[in-house]
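> model the following, please.
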Amino acid sequence: MNERQRLPFFVYGTLRPGFHNHDVFLRGRITTERPAVLRGARLYEGPGYPYAVDDPGGPCTVTGEAAWAAPDQYGGLLGVLDRLEEYSGRPGHPENLYERVAREVVLDDGTSVTAWVYIAAEHVAHGLRAGGTPVDGGDWREAVRRPRPGPPAPAGPRTP
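Alright, predicted model coming up:
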C-alpha cells in the first residue's frame with residue numbers, strides 16, 4: 001500500500017461523531033462519514049478510549065465510521081491523527097501505541113473500502129489479549145452508554 005494513497009479513516013472510538021475528539025480533530029477536515037464495520041478485530045477497553053486488536057479469522061467486529069478527509073486537509077489530518085494515536089510513522093516502533101494499517105471495512109450499504117485503521121501496537125495488543133476487558137458487541141458508543149455495575153450500596157442502619 002502506497003503511503004501517499006488518500007484512504008478514508010476508519011474511526012471507532014473517541015473520533016466518532018458525538019465524541020469530543022471528533023469535534024476537535026475531524027470537524028471541518030472531513031467531507032463524508034459513513035457507518036462501517038471492521039471484521040477480524042476485537043475491541044478492548046482502554047483508559048478512556050478503546051483499542052482495536054487484530055483477531056484474524058475471529059468472529060468479532062468493530063463498529064465505527066469511515067471518514068473521508070477533504071482533499072486540502074488530507075496530509076495535515078494524517079499527521080494530526082498519527083500524533084493523537086501515538087503512531088510514529090514507523091511500523092513496529094516500540095514507542096507506538098497504535099499502528100496505522102490499511103484494512104478493508106464494510107460500509108452500511110454492504111460495499112467494502114480500504115481505510116486507514118489505528119490498531120493496537122503488538123506490545124499493547126499482547127497485554128489486552130492476556131488480561132484486557134473486551135467491549136461486548138464491538139461498539140464503543142454503545143459501551144459507554146451502558147450502565148456500569150457499581151459496588152454494592154452500603155448497608156444502612158438496622159432498625160429493630
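
> buried residues, the helix or strand harbouring residue 83. List them.
Here residue 83 sits within helix 74-84, counting by DSSP states H and E. Under the neighbour-count criterion of 16 or more other CB atoms under 10 Å, helix 74-84 has 74, 77, 78, 81, 82, 84 buried. C-betas here are computed from N, CA, C, even on glycine.

> who touches residue 91 in this structure?
Residue 91 makes contact with 99, 101, according to CB atoms under 8 Å, 6 or more residues apart in numbering.

> sorry, back to before: check what contacts the helix holding residue 83 and list those residues.
Here helix 74-84 makes contact (CB under 8 Å, 6+ apart) with 6, 9, 15, 21, 25-26, 29-30, 69, 88-89, 100, 116, 118.

> for residue 106, state which of the buried residues of helix 74-84 is nearest.
residue 81 (21.3 Å; CB to CB).

> picking that back up, for PyMOL, write a command that selects the buried ones of the contacts of helix 74-84.
Here is the PyMOL command that selects the buried residues among the contacts of helix 74-84 (16+ other CB under 10 Å):
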select buried, resi 9+15+25+26+29+30+69+88+100+116+118
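
> tell me which of the contacts of helix 74-84 fall in helices.
residue 21 (DSSP state H).

> where do the helices of the chain begin and end?
According to DSSP H, the helices that the chain contains are 20-21, 74-84, 122-131, 140-145.

> now those helices in JSON lines, with mean pLDDT and distance to residue 56?
JSON lines is the format used below for these (pLDDT from 0 to 100; distance: least, CB to CB, whole Å):
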{"stretch": "helix 20-21", "mean pLDDT": "94", "distance to residue 56": "28"}
{"stretch": "helix 74-84", "mean pLDDT": "96", "distance to residue 56": "24"}
{"stretch": "helix 122-131", "mean pLDDT": "96", "distance to residue 56": "12"}
{"stretch": "helix 140-145", "mean pLDDT": "90", "distance to residue 56": "21"}
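
> closest one to residue 59 among those helices?
Closest among the helices of the chain, using CB to CB: helix 122-131, at 15.4 Å.

> how far away from the center of its chain is that closest one?
16 Å (CA atoms, centre = their mean, to the nearest Å).

> stretch 41-58 now?
8 Å.

> got the buried residues for it?
For stretch 41-58, using 16+ other CB under 10 Å, the buried residues are 41, 42, 43, 44, 45, 46, 50, 51, 52, 53, 54, 55.

> that concludes my questions; thank you for your assistance.
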